[in-house]
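K.L.:
no sequence for this one, just the structure:
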């Protein structure tokens, strides 16, 4: 089983840090994002990692090759932005198994990958998380405040997929999965969603995200989770 890490983005919202450092190498609680991800997949027995690198790819490769992470690494280098679907298509020469995982390169989570393997072509989804507090009303009276609740009536893409190799022939050379391949699969009833409630999950796209992620890691014992056998 292999995983493709989509780690080729510019990280524009993390400037000026990303003027000198590619987003996958940005440290969160003293470890680069990509190391957290590799350790996470390794916990579930996945030791073949395909890194889709673009911006400052040489730095990403040099860093990983200088580490002993206990995984086999392959690299798919993008000379121009290809989008998530295009990046997977370019990396498809490394896919030799019937199924494989894909993860957005800025997501840290503890969701159970075993649940995702029930159906091929599955998307991990989590309750929509608001950035604001909610005020509960009784008419014009305030009943209570609820800070940043999870909205279980709405589900958001967690950025982790379990895909069947057959999907590769449906990928464009440039574009995003969510805009190109996934809508067609959904129309044909061939795309599944696996719901995860109350899990640790954070997408790192800003300095605020970095701070919140570090707080979540410390508060949820995430380092202990990925280090345990």
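P.N.:
Received, thanks. Keep in mind it's a predicted model, so treat the numbers as computed, not measured. Residues are numbered from 1 along each chain as shown.
K.L.:
low-confidence bits of the protein, can you list those?
P.N.:
149, 228-229 (pLDDT under 70).
K.L.:
packing partners of the longest strand seen in it?
P.N.:
In the chain, taking DSSP state E as the definition, the longest strand is strand 150-164. If you count contacts as 3 or more Cβ pairs under 8 Å, 6 or more residues apart in numbering; DSSP states H and E, strand 150-164 packs onto strand 99-104, strand 107-109, helix 113-116, strand 122-129. Any C-beta I mention is one placed from the backbone N, CA and C, and that applies to glycine too.
K.L.:
buried residues in that strand?
P.N.:
For strand 150-164, the buried set under the neighbour-count rule, 16 or more other Cβ atoms under 10 Å, comprises 155, 157, 158, 159, 160, 161, 162, 163, 164.
K.L.:
and which of those residues is nearest to residue 68?
P.N.:
Closest approach between those and residue 68, by Cβ to Cβ: residue 160, at 25.2 Å.
K.L.:
C-terminal to the longest helix anywhere in the chain, what's the next element?
P.N.:
Secondary structure of the chain read by DSSP state H shows that its longest helix is helix 207-220. The first helix or strand that comes after helix 207-220 along the chain, using DSSP states H and E, is helix 222-227.
K.L.:
and that next one, what other elements does it pack with?
P.N.:
helix 33-43.
K.L.:
just to revisit the earlier point, quick one: strands adjacent to the longest strand of the chain?
P.N.:
Sheet pairing of strand 150-164 (DSSP bridges) gives strand 99-104 (antiparallel), strand 122-129 (antiparallel).
K.L.:
in the longest one, which residues are buried?
P.N.:
Neighbour counts using 16+ other Cβ under 10 Å place 122, 123, 124, 125, 126, 127 of strand 122-129 among the buried residues.
K.L.:
can you give the contact residues for the helix or strand following it?
P.N.:
Moving toward the C-terminus from strand 122-129, the next helix or strand (DSSP H and E) is strand 134-138. Contacts with strand 134-138, where a contact means Cβ atoms under 8 Å, 6 or more residues apart in numbering, come from 142, 143, 144, 145, 146, 149.
K.L.:
so the third one bridges to which residues?
P.N.:
Note on residue 144: beta-bridge partners residue 136, judged by DSSP bridges.
K.L.:
look up how far residue 61 lies from it.
P.N.:
51 Å (Cβ to Cβ, to the nearest Å).
K.L.:
is residue 174 in contact with residue 82, as I believe?
P.N.:
Yes. Contact status for residue 174 versus residue 82: in contact at 5.3 Å, counting by Cβ atoms under 8 Å.
K.L.:
between these two, which one's more packed in?
P.N.:
Neighbour totals were compared for residue 174 and residue 82, and residue 82 leads with 23 against 15 (other Cβ atoms under 10 Å).
K.L.:
quick one: the more buried one and residue 92 touch, right?
P.N.:
No. Contact between residue 82 and residue 92 fails when scored by Cβ under 8 Å: they sit 11.9 Å apart.
K.L.:
name all residues that make contact with residue 150.
P.N.:
Neighbours of residue 150 in contact, by Cβ under 8 Å, 6+ apart: 126, 127, 128, 129, 197, 198.
K.L.:
next up, the contacts around the last one.
P.N.:
Taking Cβ under 8 Å, 6+ apart as the criterion, residue 198 is in contact with residue 150.
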